[in-house]
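>>> Sequence below, structure please.
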Amino acid sequence: MSRSALREVEHEITVSAPAATVYRLIAEVENWPRIFPPTIYVDHVERNEDSERIRIWATANGEAKNWTSRRVLDPENLRIGFRQEVSAPPVASMGGTWVVEALSETESRVRLLHDYRAVDDDPESLRWIDEAVDRNSRSELAALKANIEQAHAAEDLTFSFEDSVRIAGSAKDAFDFVNEAGLWPERLPHVATVRFEEETPGLQTLEMDTRAKDGSVHTTKSYRVAFPHHRIAYKQVTLPALMTLHTGYWTFEQDDQGVTTATSQHTVTLNTANIERILGPEATVEDAREYVRSALSTNSRATLGHAKDYAEARA
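Residues are numbered from 1 along each chain as shown. All right, here's what the predicted structure looks like:
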């Protein structure tokens, strides 16, 4: 490899939080979809005391990509090294290091180092990677800073819940119903239209117009990662006015008797700036929480109910 073929870049940001707190947040990759805007889903492949292999699904320049990385954790020195094992074209190789430095007891510097090459060292591909790394690094660091500095304020604004249904049918059939989102306008009354893409198997883009209880229509866009036939994880990137975050997953577990439990899980952070505009001047955070939960649960339960009918008809 020629030295000129390897690109090395660095981004940094100052965070008003203790260095150990910042390190822990970066180390806990299962929370990345809630912290970093480009990240859709992260799955552990293997892990031990100081290293791990993870699969990451994320957007780059508006396209969904996935790759596997190996990380080496060094909590004593507040460093995390990472290296993609199999990179997605046009990336030939990608690695780097998170470095957290204490500036004081309450302030830290986070440095994000990358090194990478393009497939065949193609200049146009390298420019594409430059843009993606720069955009994602700035986005990740800004989100990391905001997440830590606002953690306490947002603690009461972030909540999770789930709805489940038991199905006298196979997990595969229930999974297929939710996975085949392109057919939802024909199958789900609350879905008006759908724009569904799956150029890479299991990596989906879902944009749909959904009818609310009051008759209004809302457009949402999500990226989904499907694991046949037991899980579909997603991250909503076009959000309704009352949310700043919406991630979740569908799971399908079949027992020895052939009965399937299908579950829809949601994690939401409320957007308090829009509560008065949407719900009126007297509305509280608790009102917004109930409103959002009711709206999401209504659609989830409807989808689960139709998935149940679909699977049981094929049992």
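>>> Where does pLDDT dip in the protein?
Using pLDDT under 70 as the threshold, the predicted model of the chain has low-confidence ranges 1-4, 150-155.
>>> domains of it?
Taking automatic domain parsing as the domain assignment, the ranges for the chain are 3-149, 154-313.
>>> and these as TSV, adding mean neighbour count?
C-beta here means a position set from N, CA and C on the backbone, and glycine is covered the same way. Putting the domains of the chain into TSV (neighbours: other Cβ atoms under 10 Å) gives the following:
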stretch	mean neighbour count
domain 3-149	17
domain 154-313	17
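>>> For residue 98, grab phi and psi.
phi -90, psi 130 (degrees, to the nearest 10).
>>> Not counting its neighbours along the chain, what's nearest it?
residue 80 (4.3 Å; Cβ to Cβ, 6 or more residues apart in numbering).
>>> Secondary structure element holding the one you found?
Taking DSSP states H and E as the definition, residue 80 sits inside strand 79-86.
>>> How far away from the center of its chain is that strand?
When C-alpha coordinates are averaged (Cα atoms, centre = their mean, to the nearest Å), strand 79-86 and its chain have centres 19 Å apart.
>>> what's the answer for stretch 120-140, then?
A distance of 21 Å separates the centroid of the chain from that of stretch 120-140, by Cα atoms, centre = their mean.
>>> Return the residues in contact with the closest residue in space to residue 14 that isn't next to it in sequence.
In space, residue 14 comes closest to residue 109 once its chain neighbours are excluded; the distance is 5.5 Å by Cβ to Cβ, 6+ apart. When contacts are counted by Cβ atoms under 8 Å, 6 or more residues apart in numbering, residue 109 touches 12-15, 100-101, 103.
>>> quick one: the helices in the stretch 101-250 of the chain?
Taking DSSP state H, counting those that start in this stretch to define them, one finds helices in the stretch 101-250 of the chain at 123-149, 151-154, 171-179, 184-187.
>>> now those in JSON lines, with distance to residue 294?
Supplementary listing: the helices of the stretch 101-250 of the chain in JSON lines, determined by distance: least, Cβ to Cβ, whole Å:
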{"stretch": "helix 123-149", "distance to residue 294": "27"}
{"stretch": "helix 151-154", "distance to residue 294": "21"}
{"stretch": "helix 171-179", "distance to residue 294": "21"}
{"stretch": "helix 184-187", "distance to residue 294": "21"}
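>>> Tell me which of these lies nearest to residue 287.
The minimum distance between residue 287 and those falls on helix 151-154, with 17.7 Å, by Cβ to Cβ.
>>> tell me, what residue is most central in the chain?
What sits nearest the mean C-alpha location of the chain, by Cα atoms, centre = their mean, is residue 40, with 2.8 Å.
>>> what's the angle between whichever strand or helix holds that one and helix 123-149?
Taking DSSP H and E as the definition, residue 40 sits inside strand 39-47. On the basis of axes from the mean of the first three to the mean of the last three Cα atoms, to 10 degrees, strand 39-47 is oriented at 90 degrees to helix 123-149.
>>> and strand 39-47, what does it pack onto?
Strand 39-47 is packed against helix 32-35, strand 51-60, strand 217-227, strand 231-238, with contacts defined by 3 or more Cβ pairs under 8 Å, 6 or more residues apart in numbering; DSSP states H and E.
>>> That strand: partners in the sheet, and parallel or antiparallel?
According to DSSP bridges, the neighbouring strands of strand 39-47, each with its direction, are strand 51-60 (antiparallel).
>>> what sits against the nearest residue to residue 236 once chain neighbours are set aside?
Once flanking residues are discounted, residue 236 sits nearest to residue 246: 4.1 Å by Cβ to Cβ, 6+ apart. Residues counted as contacts of residue 246 (Cβ under 8 Å, 6+ apart) are 235-236, 239, 266-268, 296.
>>> any idea how far residue 81 is from residue 51?
9 Å (Cβ to Cβ, to the nearest Å).
>>> any residues in contact with both of these two?
For the pair residue 51 and residue 81, residues contacting each of them under the criterion Cβ under 8 Å, 6+ apart are 71-72.
>>> Now do the strand or helix carrying residue 294 against helix 171-179, angle only.
Assigned by DSSP H and E, residue 294 belongs to helix 285-313. Calculated by the same axes, to 10 degrees, helix 285-313 forms an angle of 130 degrees with helix 171-179.
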